[in-house]
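Enquirer: Just need the structure, nothing else, for what follows:
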Amino acid sequence: MCLAVPAEIVKIDNQMATCKVGEGPTTVNASLMLLDQEAGLGDYVIIHAGFAIRKLDQQEALESLRILREVIEAAKAAGIEQDRVDLL
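Expert: Residues are numbered from 1 along each chain as shown. Presented below is the predicted three-dimensional model:
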């Protein structure tokens, strides 16, 4: 299963963004080619399959990350462990 998650742009080089996922040190690279609006440093985007597919405002991104963390904690409490759950 693929899950698109919000990530903050920390570096841009030639339409490729390095994005920080959640509060940890994890970063991913994403192409900005599919966005229909300009994105810059500090902006949040939804990333799926190596592409930023939508720009989010900061409040929406942080709320989405909070909800994802709650889902992860509920899964852990239910005994469901998955790789990368500590990513966020």
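
Enquirer: Where does the prediction get shaky in this protein?
Expert: Scanning the chain with the threshold set as pLDDT under 70 gives 1-3, 81-88.

Enquirer: Identify the residues contacting residue 29.
Expert: 16, 17, 18, 19, 50 (CB atoms under 8 Å, 6 or more residues apart in numbering). C-beta: built from backbone N, CA, C; applies to glycine.

Enquirer: and the two most separated of these?
Expert: Within the contacts of residue 29, 18 and 50 form the most distant pair, 12.5 Å apart (CB to CB).

Enquirer: Which residue of the two possesses the greater neighbour count?
Expert: Shown here are residue 18 and residue 50; by other CB atoms under 10 Å, residue 18 has more neighbours (15 against 10).

Enquirer: The more buried one pairs with what?
Expert: When bridges are called by DSSP bridges, residue 18 pairs up with residue 11, residue 29.

Enquirer: ok, it - contacts?
Expert: Each residue near residue 18 by CB under 8 Å, 6+ apart is listed here: 9, 10, 11, 12, 27, 28, 29.

Enquirer: What is the nearest of the residues you listed to residue 35?
Expert: When the contacts of residue 18 are ranked by distance to residue 35 (CB to CB), residue 9 comes first, at 10.6 Å.

Enquirer: which residues touch the helix or strand where that closest one lies?
Expert: If you go by DSSP states H and E, residue 9 is part of strand 5-13. Strand 5-13 is touched from outside by 17-22, 27-28, 30, 32, 39-47, 56, 60-62, 64-65, 68, 87-88, with contacts defined as CB under 8 Å, 6+ apart.
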